[in-house]
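Trainee: Kindly generate the corresponding structure for this input.
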Amino acid sequence: MDPNNVVAYEALAADYLALDRLSDAEAALERAKGHKLDSLLLRQNAYVLAFLNSDMPSIAQQVAWAAGRPGEEDMLLSMQSDTEAYYGRLTKARQCSRRAVESATRADSREAAALWQVNAALREAEFGNAAVAKRDVTKALALSRGRDVSEVSGLTLARIGDQEGAKRIILELEKNQPSNIFLHVYWLPLIKATAALNRGNASQSLALLESSAAYELGTAGASINNLYPAYVRGQAYLQAYNGTQAIAEFQKLLDHRGIVENFPTGALAHLQIGRGYVMSGEISKAKSAYEDFFALWKDADPDIPILNQATSEYAKLR
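Mentor: Sure, this is the predicted structure:
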């Protein structure tokens, strides 16, 4: 490898992170630093590594590096918004997302601004704030209707049960991207499976997710991946009263943290595993899983719907 090829180091570090080979990722980043190489993607990789190592000072260092850099600041601010949300600090997450959108807008990047807005919308959907999620999707689509923004918008609308809204985006994507293979084997099945789940059709949801299984441990291009098919599949198994299979799916998010990174479903997976253990009658393990979730969310905003649900469920286990 050319020691002065920054792209090679970017790819190497990203690959190691996706494989959860954190020491190798750190070594690659250090080698790049030793050759005085620097870039936004290297900084993103360094941020993810710091998050996975719970190295908060290094996280702050990467955000500080990007401050005031047009076209770079917004990315790190959006990443920080996910970290805040991962720990349930939703007010701070919203603040970071707003700053990310504003920064991207100032840099004349409407597509990036829309991505950060719809990323925030998806988080709101996962936390149970359907009205906020729908509002943020509307804002994102007003900025851009690019493929990545539309994919995440469709998923978000499906997550909150807006069947008609999700269907409109599915039809738009099918019309505008007829030959995009990844769209048709990953994103559209994921959106449709989520919609089926909200209709109470777990078997259809599981069938639709079969095509994504071969791709979910990879990356999804410019938009998110974060093992979303596994998360939705786990919820489908919960709906089908199959706690054991649900646990296996949610466990994937804990076993592949380098893919999930700092997206909040990584924290929510502990809660979902707890629900799976309750369904399986393993109350001691369920309590432990709930407590793992509460430990991550010890500083969470108290008014988040999914937190209130979890607290109520846990109280019944005592």
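Trainee: Would you mind listing the buried residues in the helix or strand where Gln95 lies?
Mentor: Assigned by DSSP states H and E, Gln95 belongs to helix 90-106. For helix 90-106, a neighbour-count test (16 or more other CB atoms under 10 Å) marks 90, 92-94, 96-97, 99-101, 103-105 as buried. Yep, even glycine has a C-beta here, placed from its N, CA and C like the rest.
Trainee: now do stretch 67-76
Mentor: Neighbour counts over stretch 67-76 (16+ other CB under 10 Å) mark 72-76 as buried.
Trainee: And those, which is closest to Val6?
Mentor: Nearest to Val6 out of these is Glu72 (CB to CB; 14.4 Å).
Trainee: The closest one and Glu261, how far apart?
Mentor: 18 Å (CB to CB, to the nearest Å).
Trainee: Show the average pLDDT along stretch 177-196.
Mentor: Averaging the model's pLDDT scores along stretch 177-196 yields 92.
Trainee: Oh, that last question was meant for stretch 241-250, not what I typed.
Mentor: Average pLDDT, stretch 241-250: 98.
Trainee: do stretch 254-263 as well
Mentor: pLDDT averaged over stretch 254-263 gives 95.
Trainee: What is the end-to-end distance of it?
Mentor: Across stretch 254-263, the terminal residues are separated by 12 Å (CA to CA, to the nearest Å).
Trainee: do stretch 181-189 as well
Mentor: Length of stretch 181-189, first residue to last, CA to CA: 12 Å.
Trainee: Could you list the buried residues of that stretch?
Mentor: Using 16+ other CB under 10 Å as the test for burial, stretch 181-189 gives 182-183, 185-189.
Trainee: want to throw the residues you listed into CSV with secondary structure?
Mentor: Converted to CSV, those look like this (DSSP: H, G, I helix; E, B strand; the rest coil):
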residue, secondary structure
Phe182, helix
Leu183, helix
Val185, helix
Tyr186, helix
Trp187, helix
Leu188, helix
Pro189, helix
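Trainee: Tabulate the residues you listed (a markdown table), appending distance to Met279.
Mentor: Listed next are the buried residues of stretch 181-189 as a markdown table, based on distance: CB to CB, whole Å:
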| residue | distance to Met279 |
| --- | --- |
| Phe182 | 33 |
| Leu183 | 34 |
| Val185 | 30 |
| Tyr186 | 28 |
| Trp187 | 29 |
| Leu188 | 29 |
| Pro189 | 25 |
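Trainee: Noted, bye for now.
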